[in-house]
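Colleague: Dropping the sequence and predicted coords here.
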Amino acid sequence: MEIQLSSEIIKQIPDFKLGVIEYGNITVGDSPQMLKGRLQLFQESIYFDLENSNVTDLPGIQEWRGIFKKTGKDPNRYRHSAEALYRRVQKQNYLSSVQSAIDTNNFFSLQYQVPIGIYDQDHLQGSVEIRIGREGEEYIGLNGRKNSLERLIVASDQEGPFGSPFVDSGRSHVSFSTKNALQIIYLRPSTDMENAKKLTESLMNMFTQIHGGDAAFRILSGQ
């Protein structure tokens, strides 16, 4: 699948980076006990680590708040998805297991402190562009609400936006019937290329260990 960064994003955030993974012939199901256990233990560890600190002091959370500011979105009103996860954990509102693909996404989003989206590739049309949302653009998100996308970073196909580091839409959500998936890791711009590749490959390897299938990854960068 062709995926590109818009010139506007590259201009505003020259070191912007994405990890992109494409999966084929995967099997999504209930999470194995190994993943459920790691997700629970990791959340408990994060909760204790946050007892005497603020979520916004964490490097990844802070960096992505800065990106929202650069594109013109107030990070206090529009919290990126990784920050939203951390705030849930801080309140001991721990994430329960949903299904294997979402649980893997949440685990790595907490580990890397960055937003990560995963989409059913068979529900996407044509090429994908990562760009800044335009005036009037909106969709019903997985949060069940109508979300304005203006000035947010969005992933958009021929039908329009389907994902964002704020909240994804329901149009291309991954389900038990998903066989082919696209995963987008909204890396910290400060991450160097070598570590960007290591992080992305690590996620890909764990995902295929759980879901089977074939996979390939690449890094998209404005530089």
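Modeller: Great, that's in hand.

Colleague: For the closest residue to residue 2 other than its chain neighbours, give its distance to residue 1.
Modeller: Among residues not flanking residue 2 along the chain, residue 127 sits closest, at 4.0 Å (CB to CB, 6 or more residues apart in numbering). Yep, even glycine has a C-beta here, placed from its N, CA and C like the rest. Between residue 127 and residue 1 the distance is 7 Å, computed by CB to CB, to the nearest Å.

Colleague: what's the answer for residue 137, then?
Modeller: To residue 1, residue 137 is 21 Å away according to CB to CB.

Colleague: Tell me which of these two has more neighbours.
Modeller: Between residue 137 and residue 1, counted using other CB atoms under 10 Å, residue 137 has the larger neighbour count: 17 against 12.

Colleague: looking at it, the more buried one is touching residue 159, isn't it?
Modeller: No. The pair residue 137 / residue 159 is not scored as a contact, 11.9 Å apart, by CB atoms under 8 Å.

Colleague: number of nearby residues for residue 46?
Modeller: 18.

Colleague: pLDDT score assigned to it?
Modeller: pLDDT recorded at residue 46 is 96.

Colleague: Repeat that for residue 147.
Modeller: On the pLDDT scale, residue 147 gets 91.

Colleague: any idea how far it lies from residue 73?
Modeller: Separation of residue 147 from residue 73 (CB to CB): 11 Å.

Colleague: can you check residue 95 too?
Modeller: Taking CB to CB, one finds residue 95 at 24 Å from residue 73.

Colleague: who's more crowded, these two?
Modeller: Each of residue 95 and residue 73 has its neighbours counted (other CB under 10 Å); residue 73 has more, 22 against 18.

Colleague: Surely that one and residue 154 touch.
Modeller: No. Counting by CB under 8 Å, residue 73 does not reach residue 154; the two are 11.1 Å apart.

Colleague: All the helices of this protein, residue numbers only.
Modeller: 7-12, 33-49, 59-71, 81-90, 100-112, 193-211 (DSSP state H).

Colleague: want to throw those into CSV with distance to residue 122?
Modeller: Below are these laid out as CSV (distance: least, CB to CB, whole Å):
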stretch, distance to residue 122
helix 7-12, 26
helix 33-49, 24
helix 59-71, 29
helix 81-90, 23
helix 100-112, 14
helix 193-211, 15
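
Colleague: nearest to residue 163, of these?
Modeller: Minimum separation from residue 163 across those (CB to CB) falls at helix 81-90, 10.1 Å.

Colleague: what is the rounded mean pLDDT of that closest one?
Modeller: Mean per-residue pLDDT for helix 81-90: 96.

Colleague: Who are the contact partners of residue 154?
Modeller: Going by CB atoms under 8 Å, 6 or more residues apart in numbering, residue 154 touches 130-133, 137, 161, 163-164.

Colleague: Pick out the one among those residues with the largest number of neighbours.
Modeller: Top of these by neighbour number is residue 163, holding 29 neighbours under the definition other CB under 10 Å.

Colleague: Residue 210 versus the closest residue to that residue other than its chain neighbours, what's the distance?
Modeller: Take residue 163 and drop its neighbours on the chain: the residue closest to it by CB to CB, 6+ apart is residue 155, 4.0 Å away. Separation of residue 155 from residue 210 (CB to CB): 23 Å.
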